[in-house]
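Q: predicted structure and sequence below. I'll ask about it afterward.
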Amino acid sequence: FPIGVSSARASTQAAASPYVEILDPAMGAGRIQGRGRVNVFLGALLGLILGVGAAFFLEYLDRTVRTSSDVESLLGIPVLGIIPRLRRLEDAADTANALAGRGLPLIVAMDPLDPAAEAYRNLRMNLTFMSTEEEPVRSILFSSPGPSEGKSTTAINFAVMLAQQGQRVLVIDADLRRPSLHRALDVLREPGLTNLLIGDAEPRETIRPNVLPNLDFLPSGPFPPNPSELLNSKAMGRLIEDLEQRYDQIVIDSPPVLAVTDAAVLAVHTDGAVLVLRSGETEQRAAERSVEQL
């Protein structure tokens, strides 16, 4: 049997020899010199170059406001404060935590030692320095370019901080389209600002006294069909002038600047406006347009 296999293989080679030509003879296996360290170094260098390039490219594509230097260089206005992201307390065992569960975290009332509370103290101090005897800042409007950027949370915590300082403070929810402060303070939305502006109620009927120590609250009231016209009316101007005689500070929460014209027309009646921007989310062009409208 082995002889038969050898004979068949030999005859096959003989039959194929006229048609097969060996160009290079096969060589035995040899040991390849390793270049592990060189390859690792080159791979690390290439990865570093690509990583740095990708980081610069992503930074170029990012058109959001991220730092205080972005705000000052882009908008040309001073940064009054930097508020860290607020933590929400889920425990509703006490009244303060129950208020937080209603939507807006009252971090200043819940935990005065929280880093965010300290940030609101810096905001209060910076705004105090902007008020002079010649041009006192008695009424302050809080707004933002778009929704969900923290304007209402900043307004209510800033007002609580002023009240804790001993000032007599009034908070007005002038967001007549999507009010939220009445839920945070656990009061009824009606009657409120809308009733005052149309002459349907008196201030003593709409202002909720001492919702927190030294803090009164004027809710938005029923939804009107013409919010911008009401806020831009002479009645609104007279109301703020009258309330400035009764309170040390008036804090007003308004709708987003770019969504509707309410904030722009309401800012005419106040001493100043604070624009709240969310780092990494507020578009630069949106911030520029908001400043232009205000």
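A: Done, it's in.

Q: list the buried ones in the helix or strand harbouring residue 236?
A: Under DSSP states H and E, the secondary-structure element containing residue 236 is helix 234-244. Taking 16 or more other C-beta atoms under 10 Å as the neighbour-count basis, helix 234-244 is seen to contain the buried residues 236, 239, 240, 243, 244. C-betas here are computed from N, CA, C, even on glycine.

Q: quick one: contacts of that helix?
A: Taking contacts as C-beta atoms under 8 Å, 6 or more residues apart in numbering, the residues outside helix 234-244 that touch it are 138-139, 170, 172, 196-197, 199, 203, 230, 250, 266, 268-270.

Q: same question for stretch 153-166.
A: Applying C-beta under 8 Å, 6+ apart, the set of residues contacting stretch 153-166 from outside is 83, 86, 104-109, 112, 116-117, 120-121, 123-124, 140, 142, 169, 171, 181, 184-185, 212-215, 248-249, 251-253, 274, 276.

Q: in helices, which of the residues you listed fall?
A: In helices, defined here by DSSP state H, the members of these are 107, 108, 109, 116, 117, 120, 121, 123, 124, 181, 184, 185.

Q: make CSV from those and add pLDDT and neighbour count to it.
A: As requested, the ones in helices among the contacts of stretch 153-166 are arranged in CSV below (pLDDT from 0 to 100; neighbours: other C-beta atoms under 10 Å):
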residue, pLDDT, neighbour count
107, 74, 26
108, 72, 26
109, 70, 21
116, 80, 19
117, 82, 20
120, 85, 23
121, 86, 17
123, 87, 20
124, 85, 22
181, 89, 27
184, 84, 23
185, 85, 21
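
Q: ok, of these, which one's closest to residue 41?
A: Looking at the ones in helices among the contacts of stretch 153-166 and their distance to residue 41, the nearest is residue 116, at 46.4 Å (C-beta to C-beta).

Q: any idea how far the closest one lies from residue 122?
A: The span separating residue 116 from residue 122 equals 11 Å under the rule C-beta to C-beta, to the nearest Å.

Q: cool, and residue 256?
A: Taking C-beta to C-beta, one finds residue 256 at 24 Å from residue 122.
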